[in-house]
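sequence unknown, structure follows:
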């Protein structure tokens, strides 16, 4: 009986302690935040993103870039007196964690799901956003359903459109030629192939075919030998940064670099690739990136802010993209009339036509069936291990 | 035909690397009777030590590699003392599982300490220039160097096992440890030496492989299963067998990848592995285990 009594007393004490601690750790502003995640002095955003795990290295800089800009705005008093409170939760690129994060954020409640990185979260977060009438803003992911879901607004075009635009722009600028693609063996890659072929047709080139690869092959030499036999003028490489670096290594070892250009997306502009393979492709690679390169004068504001608030964040197209989407969010916030609601915010977004909301991106228009703000992206060239601006890429309509 | 020849040549080059990785496994197995699943992690650790030492102290790469080999000799001994030595009469399965644990431990440490910013470009000690071409395949000086080192290491191992007392003691220990112990041979000291040597060999393999695989905490992953296939194919007790096994796996992998794709190559190689395990468990050149009833 004494033992049972002790157990009961301990259980009661634990329950009381937990309750008190839970109360103490609850945000002080919880009382004045409305059901849409908006208060008089702040607006709540929620992010589930991989800060750790296999895609942590390119994804964490995105949220760091956003947090730096929000901190900068908050230190200046916020937008119309409201500070932006962005809760970032790590999902380690695992669906169960993303689901738990999504539910936790929706319960706060947050005004919108903001950013996120990778194709894993959107299928998990979209149903939660729908159920809670939330907005889902600016995820950097390649899911086609993001473009057909009404409450999702994006600044990250699908890879199929990025490559379609990159190919037609490059062939137009650097001359027609033959093209071969190395692509990931993932669902939906056929759409990318279709867009690439359309881009080649527009650029009066010829498509030689593609090879679908896994990202963890021991030796890419057989693939490179195939490419060497075909002798393409342009070679599209769309895979992870480490695999891209290994392919470039094999291309160099087999003396099989394409005579014109290697073509890639943001992963080819990431430090993970550039530190390992950047020097091997000096002046031989063109990339399509969502923002201007770090060396461009237009990146100065974000660079200064990141240097001040998140100095350990690598400066690359991912962290700059994070800063850029935060700038777009605060610009919409500034344009939205009071009272701030999800509906009024959405109405403001839809009213933008070619809005210059950030120096890092081309003018933004969300009023299209896909709610895709970016109609153009930056064309970058890799020179001495760095990306320099080389024009713009017009995305297919 | 030229393309096929190119795939065969590149397969031999790739197979030598696999064989080098498997060589360390066979070396330790021949000496101690334990299949070491931490071989890849030891190589990764050694390559990282070489790279970080070279960068941190602004030393030539060769100096970094020399330091890493010495460091790994010490660490190999330490790993044995701390992880394999306690209760070392718990049976071979127990020891093999400890090597799996050691692998995970080493990789976790490497990941924690050095993974930020990986993969890293690792310079080849032989340079990246093209040595000669055969068919449409080019062979770099790095490949020539790898083959040279492989021949050197194979010859050294053969000489030690064939002509020295210590080699004979290792073979005896791997086959009948209790009897060798009764004869007064210091088996634990020999095992310690075997772990030190195998860690140093793994470092050489890591340093040779890193320019191609790029230095990262998971750089050995795509190679490990292929290397173990080479070991099983050649025979776990056969040093010449691992070279032949490695070259066969390398050629099969590259030829099937060339005419099919990477997935198909993995399928063929593991079908080969399962066939050998099912129909000739001792491998092509290994000795079958015979016990007196």
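Ah, there it is. None of these values were measured; they are calculated from a predicted model. Residues are numbered from 1 along each chain as shown, chains lettered A, B, ... in the order given.

so who does residue B:158 touch?
B:239, B:240 (C-beta atoms under 8 Å, 6 or more residues apart in numbering or on different chains). Placement of C-beta: from N, CA and C, glycine included.

helix, strand or coil for it?
With DSSP: H, G, I helix; E, B strand; the rest coil as the basis, residue B:158 sits in helix.

what does the stretch 251-397 of chain A put close to chain B?
Selection of the stretch 251-397 of chain A residues close to chain B by C-beta under 8 Å from any C-beta of the partner chain yields A:252, A:253, A:254, A:255, A:271, A:272, A:275, A:276, A:277, A:279, A:314.

shaky segments in the stretch 151-300 of chain A?
A:215 (pLDDT under 70).

Going along the chain, name the helices of it.
A:159-174, A:189-202, A:221-230, A:241-253, A:271-277, A:300-309 (DSSP state H, counting those that start in this stretch).

Among these, which comes closest to residue B:40?
helix A:241-253 (16.4 Å; C-beta to C-beta).

Show me what the closest one packs onto, helices and strands only.
In terms of contacts (3 or more C-beta pairs under 8 Å, 6 or more residues apart in numbering or on different chains; DSSP states H and E), helix A:241-253 is packed against helix A:221-230, strand A:234-237, helix A:271-277, helix B:187-213.

Of these, which is nearest residue A:385?
So among those, helix A:271-277 is nearest, using C-beta to C-beta, at 5.4 Å.

Please list the residues outside the closest one that contact it.
Contacts for helix A:271-277 (C-beta under 8 Å, 6+ apart): A:57-58, A:241-242, A:244-245, A:248-249, A:267, A:314, A:316, A:382, A:385-387, B:117-121, B:214.

I'd like to know which of the residues you listed are buried.
Buried members of the contacts of helix A:271-277, scored by 16 or more other C-beta atoms under 10 Å in any protein chain shown, are A:57-58, A:241-242, A:244-245, A:248-249, A:267, A:314, A:316, A:382, A:387, B:118-121, B:214.

ok, longest helix in chain B?
Looking across chain B with DSSP state H, the single longest helix is helix B:2-32.

Report whether that helix contacts chain A.
Yes: shown here: helix B:2-32 in contact with chain A (C-beta under 8 Å from any C-beta) through B:3, B:6, B:7, B:10, B:13, B:14, B:18.

Pull the contacting residues for residue B:107.
Counting by C-beta under 8 Å, 6+ apart, residue B:107 has contacts B:41, B:44, B:217, B:218.

swap the cut-off to 7 Å and go again
Contacts were defined as C-beta atoms under 7 Å, 6 or more residues apart in numbering or on different chains; by that measure residue B:107 touches B:41, B:44, B:217.

Tell me the residues on the stretch 1-150 of chain B that lie near chain A, please.
B:3, B:6-7, B:10, B:14, B:117, B:119-121, B:128, B:130, B:136-138, B:140 (C-beta under 7 Å from any C-beta of the partner chain).

Max pairwise distance over those: which two?
Taking C-beta to C-beta, no two of the residues of the stretch 1-150 of chain B next to chain A sit farther apart than B:3 and B:117, at 37.1 Å.
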